[in-house]
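Peer 1: A predicted structure for the sequence below; I have some questions about it.
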There are 2 protein chains.
Amino acid sequence: MSHQIATLAERKPAKKGTQTAHRVRRAALKLFARQGYAAVSMRQIATEVGVQPGALYNHFSTKQEILKDLMLSHMRDLLEAWQEHAANTDRPSDPLEAFVTFHIRHHLQRTEEVFISYMELRNLESQNFSEVEVERRRYEAILTAILEDGVKRGVYRIKETRVATRAIIAMLTGIPTWYRESGMLSAEQIEAIYLDMVHGSVSAMPLSPARKNR
Amino acid sequence: MSHQIATLAERKPAKKGTQTAHRVRRAALKLFARQGYAAVSMRQIATEVGVQPGALYNHFSTKQEILKDLMLSHMRDLLEAWQEHAANTDRPSDPLEAFVTFHIRHHLQRTEEVFISYMELRNLESQNFSEVEVERRRYEAILTAILEDGVKRGVYRIKETRVATRAIIAMLTGIPTWYRESGMLSAEQIEAIYLDMVHGSVSAMPLSPARKNR
DNA sequence: GTTGAAAATGAATGATCGTTCATTTATTTT
DNA sequence: AAAATAAATGAACGATCATTCATTTTCAAC
């Protein structure tokens, strides 16, 4: 499952097989995101990779396994990235801001994965669905904890932190569906707008003037 | 034998054909929502209706046309419902509240349509996509206008009303993906929570204590 | 009740689907 | 360089796909 990324001082050359497996993932990611899992054939994936259909089965035993692999590794990448981000940020003055910023940046660089992860859940067989769901809940729990802490500290006014979590994540995750790099707004501007909105949606107090015009 | 549904002042009995067309729509709606457009076959739809596959083509010329019909009529129902709602509500003190409440109530009663409308856009052929997109933008424009008016009146602090529109609609439209009637929260409670959050996300001022505990 | 139209049937069309497999080719290990 | 292993080929499998159509059945209008 662990596809190694060649870091600087890496020794071993990537084997042919794992190279191809990686290209299959990339091809499937692109095609699933564009057309949807059910509408993409193994033949299309094979063509995109530049290989015969049968060859795919040297790397994945079924089409379903490709989907599971993509969705699960997306969620695990996300959680891993958050762990790293949180570890490297020492005591953020505003944990909610840290989370929102992280989420937006991470997702804006992975629009295809986001599409798949939020649209292809129904195409996962139940066992695979459960596995993905575990990771999703784990991620949601991070935000819920931040909100609950804020409530305890009296800075947030929300009553149902689980509901607020879903509301916020839905709001943020919608960005990649319409954001285009060619658009009028930069990623930083969007980040600032959403940060303000999220803040306002949960805060007991309005933004202080100092925070407002950054 | 056939019992037609008699509405109040209705004269004409529904013809057999239009009855069947309606059942095809219902069956397709249910199946598309559960499995996705691409994963549903015309045979499945026919079985659900209780008819042979070929009979479907007396009412819809292609599978694509069924999808288009469902998505387009969903959007038109939505717009029509809003017009009616707005007409019957005389000068709402808070237009944003009126919109949010309307949106939540309307969508919570149409979870299958919502699923299809936000997941099957990519399966629409470009001509059909454009038609649906026109209606969607029309709907978004309603909220944008409300926000812009609020900005002019100085009660909202948002800079990009188009972005805020998408953020709010994404937040609200996410509800049907997790809401279950059997859950702990009633539709009214959810409405109240989201109303607070939306309000906070755009307002220049925090909620007044009077509004807060309703 | 007859008649013409609408709706449904049942069978078939060619295309495409995911997957398998014996075999050949390429790569890694010894 | 030889042996062992991994990857890719090319062809095929049965199943299922959306759609068509001649025919029969059902229904609505007169």
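Peer 2: Cool, the structure landed. Residues are numbered from 1 along each chain as shown, chains lettered A, B, ... in the order given.
Peer 1: switch to C-alpha atoms for all contacts and neighbour counts from now on
Peer 2: Fine.
Peer 1: chain A: helices as residue ranges?
Peer 2: A:16-35, A:42-49, A:63-88, A:95-108, A:111-119, A:126-152, A:161-173, A:175-178, A:187-202, A:209-212 (DSSP state H).
Peer 1: measure the residue in chain A positioned nearest to DNA strand C to residue A:53 for me?
Peer 2: At 3.2 Å from DNA strand C, residue A:41 is the closest residue in chain A, using Cα to the nearest atom of the strand. Per Cα to Cα, to the nearest Å, residue A:41 is found 10 Å from residue A:53.
Peer 1: quick one: find the helix or strand in chain A with the lowest mean pLDDT.
Peer 2: Here the helix or strand of chain A ranked lowest by mean pLDDT, DSSP states H and E is helix A:209-212, holding a mean of 39.
Peer 1: got the residues of chain A near DNA strand C?
Peer 2: By the rule Cα under 7 Å from any atom of the strand, the part of chain A lying against DNA strand C is A:14-16, A:38, A:40-44, A:53-55, A:57, A:61-64.
Peer 1: now restrict these to buried residues only.
Peer 2: With burial judged by 16 or more other Cα atoms under 10 Å in any protein chain shown, the buried subset of the residues of chain A next to DNA strand C is A:38, A:40, A:42, A:44, A:63.
Peer 1: ok, the last one to residue A:118 distance?
Peer 2: Note on residue A:63: its distance to residue A:118, by Cα to Cα, is 18 Å.
Peer 1: please apply the same query to the first one.
Peer 2: Taken as Cα to Cα, the spacing of residue A:38 relative to residue A:118 amounts to 15 Å.
Peer 1: do residue A:190 as well
Peer 2: 21 Å.
Peer 1: likewise for residue A:109?
Peer 2: With distances taken as Cα to Cα, residue A:109 is found 16 Å from residue A:118.
Peer 1: again with residue A:151
Peer 2: From residue A:151 over to residue A:118 the distance is 29 Å, taken as Cα to Cα.
Peer 1: those two: which has the busier surroundings?
Peer 2: residue A:151 (18 against 14; other Cα atoms under 10 Å in any protein chain shown).
Peer 1: show me what contacts the more buried one?
Peer 2: By Cα atoms under 8 Å, 6 or more residues apart in numbering or on different chains, the contact set of residue A:151 is A:157, A:158.
Peer 1: what's near enough to touch residue A:136?
Peer 2: Counting by Cα under 8 Å, 6+ apart, residue A:136 makes contact with residue A:75.
Peer 1: just the pLDDT for it.
Peer 2: Residue A:136 carries a pLDDT value of 97.
Peer 1: state the distance from it to residue A:198.
Peer 2: The gap separating residue A:136 from residue A:198 is 20 Å, by Cα to Cα.
Peer 1: residue A:182 now?
Peer 2: From residue A:182 across to residue A:198, the span is 25 Å (Cα to Cα).
Peer 1: quick one: which of these two has more around it?
Peer 2: Counted by other Cα under 10 Å, residue A:182 and residue A:198 do not tie: residue A:198 has more neighbours, with 25 against 7.
Peer 1: and the pLDDT for the residue lying closest to the more buried one once chain neighbours are set aside?
Peer 2: Leaving aside its sequence neighbours, residue A:198 sits nearest to residue B:201 (Cα to Cα, 6 or more residues apart in numbering or on different chains; 6.1 Å). Looking at residue B:201, its pLDDT is 96.
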